[in-house]
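# mind looking at a prediction? Sequence and model below.
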Amino acid sequence: MHAPPGAARRHSLLGVVSLVLFVGIHLGSLAGIALGVSWRSALLAVGLYWLRMFGITAGYHRYFAHRAFKTSRAFQLALAVIGASSLQKGPLWWASLHRVHHRWSDTARDLHSPKQRGFWYSHVGWFLSPEHDATDLSLVPDLARYPELLWVNRYHWVPALALALLCYAVDGARGVVWGMGVSTVVLWHGTFTINSLAHVWGSRRYETADTSRNNLVLALITMGEGWHNNHHHYMNSARQGFFWWEVDASYYLLRALSWVRVVRELRAPPAHVLQPRLARAAEFAGATFAGAKAAAEATLTGAREAVEQAVEDAAPKVPSPT
């Protein structure tokens with residue numbers, strides 16, 4: 001079925017507008033740096049980066065796309081608004097396309113696979129393409145029943161505009177440049193690296209059907225999203241760093257929010273997901289301990305023999321009778 005000519009023109013216009021805004025925010029932020037930076041603007045830039053990264057990782061991704069935990073309707077709306085302020089479109093749009101990504105990961109039907117379309121398309125091209133502008137509500141029926149989420153999804157630019165006005169109230173034009181411009185640009189490319197790099201750069205613990213990888217660097221800049229191979233192996237976990245040494249700041253904040261009952265029922269990977277890895281870790285630790293024990297015993301034996309030989313050499317020699 002062919003789309004009506006009006007819809008095609010609308011999608012084309014939206015594509016041009018999205019591209020102009022995307023490039024314009026990059027150029028405006030770069031030019032605005034000439035205004036200098038104050039401590040207020042610096043705090044805005046850093047604080048809004050991490051706040052909105054949490055809105056994307058814990059809100060758009062783990063909550064709306066995967067329903068990895070439960071919360072109240074009020075905090076659900078708060079997550080939607082914070083995520084929308086990142087200028088990464090609406091929560092239902094984001095969740096619906098992310099579910100498509102998981103269903104068809106690294107196949108020809110994947111929206112942003114670097115394996116299929118290369119680095120730049122997987123990084124930003126898919127996001128700017130008018131082909132992906134519409135929200136398919138049939139993919140998110142669990143979310144589409146909330147009118148307030150539908151409103152945020154349709155008017156996703158409103159939270160960003162409100163945040164820009166707040167930045168202006170805090171530090172004028174510099175506040176807008178750093179709090180909304182520079183911070184948003186860095187936030188964009190930080191989150192986009194999970195699409196473009198987390199299927200290319202890193203290690204693979206689990207043999208998933210896609211090319212997902214775990215990467216500590218990406219995990220640090222995205223508050224835990226870099227444990228992407230873990231996530232593709234078991235996508236419904238609120239915790240993407242499955243083990244204590246895998247830093248997952250979004251999960252730590254969710255745990256803290258669960259203590260004060262803002263969120264609840266944080267889903268975790270079941271034992272059968274973790275057990276093979278733990279068994280291999282225990283086997284490795286056992287082999288390492290056995291090797292260290294054998295080496296220590298060999299060292300002690302050698303030392304004892306050396307001491308005995310030294311004592312024997314130092315003892316006075318008694319001439320044998322003739």
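Arrived safely, thanks for sending.

# report the contact partners of Thr184.
For Thr184, the contacting residues are Ile25, Ser29, Arg52, Ser86, Leu87, by CB atoms under 8 Å, 6 or more residues apart in numbering. Yep, even glycine has a C-beta here, placed from its N, CA and C like the rest.

# check which element follows the strand or helix carrying it along the chain.
Using DSSP states H and E, Thr184 sits within helix 183-196. Sequence-wise, the next helix or strand beyond helix 183-196 is helix 216-221, with elements assigned using DSSP H and E.

# that next one - what's its average pLDDT?
Averaging pLDDT along helix 216-221 yields 97.

# quick one: contacts for Ser122?
Ser122 sits in contact with His112, Ser113, Pro114, Asn195, Ser196, His199, where contact means CB under 8 Å, 6+ apart.

# ok so the first one is a strand residue?
What that stands for is His112. No - His112 is assigned coil when assessed by DSSP: H, G, I helix; E, B strand; the rest coil, not a strand.

# settle this for me: it is touching Asn195, isn't it.
Yes - His112 is within contact range of Asn195, at 4.4 Å (criterion: CB atoms under 8 Å).

# common neighbours of those two, please.
Common contact partners of His112 and Asn195 (CB under 8 Å, 6+ apart): Ser122, His123, Trp126.

# other SSEs contacting the helix or strand where the last one lies?
In this structure, Trp126 is located in helix 126-128 according to DSSP H and E. Packed against helix 126-128, as judged by 3 or more CB pairs under 8 Å, 6 or more residues apart in numbering; DSSP states H and E, are the following elements: helix 5-32.

# now the helix or strand that comes right after the helix it packs on: how far from the chain's centre is it?
Helices and strands here follow DSSP H and E; after helix 5-32, the next one along the chain is helix 39-54. Between the mean C-alpha point of helix 39-54 and the mean C-alpha point of its chain there is a distance of 17 Å (CA atoms, centre = their mean, to the nearest Å).

# and helix 39-54, what other elements does it pack with?
Identification of packing neighbours for helix 39-54 by 3+ CB pairs under 8 Å, 6+ apart yields helix 73-84, helix 157-176, helix 183-196.

# let's see it at 10 Å
Applying 3 or more CB pairs under 10 Å, 6 or more residues apart in numbering; DSSP states H and E, we find helix 39-54 packed against helix 73-84, helix 157-176, helix 183-196, helix 249-259.

# walk me through the domains of the protein.
For the chain, automatic domain parsing gives the domain ranges 5-269, 271-316.

# most neighbours per residue, which of the ones you listed?
With neighbours defined by mean count of other CB atoms under 10 Å, none of the domains of the chain is more surrounded on average than domain 5-269, at a mean of 18.

# quick check, pLDDT for the closest residue to Asp136 other than its chain neighbours.
Setting aside the residues directly before and after it, Asp136 is nearest to Ser96 in space (CB to CB, 6 or more residues apart in numbering), at 5.2 Å. Per-residue confidence for Ser96 comes out at a pLDDT of 97.

# now do the contacts for Arg234.
Just to correct that, residue 234 is Tyr rather than Arg. With contacts defined as CB atoms under 10 Å, 6 or more residues apart in numbering, the neighbours of Tyr234 are Tyr206, Thr208, Gln240, Phe242, Arg267, Ala268, Pro269, Pro270, His272, Val273, Leu274.

# just those residues: which are in helices?
In this view, the contacts of Tyr234 that belong to helices under DSSP state H are His272, Val273, Leu274.

# hang on, isn't the second one packed against Met235?
No - between Val273 and Met235 there is no contact under CB atoms under 10 Å: 11.0 Å.

# need the contact list for the closest residue to His233 other than its chain neighbours.
For His233, the nearest residue in space outside its immediate sequence neighbours is Tyr206; the separation is 3.9 Å by CB to CB, 6+ apart. Taking CB under 10 Å, 6+ apart as the definition of contact, the neighbours of Tyr206 are Ser212, Asn214, Asn229, Asn230, His231, His232, His233, Tyr234, Phe242, Val273, Pro276, Arg277.

# many thanks, we can stop here.
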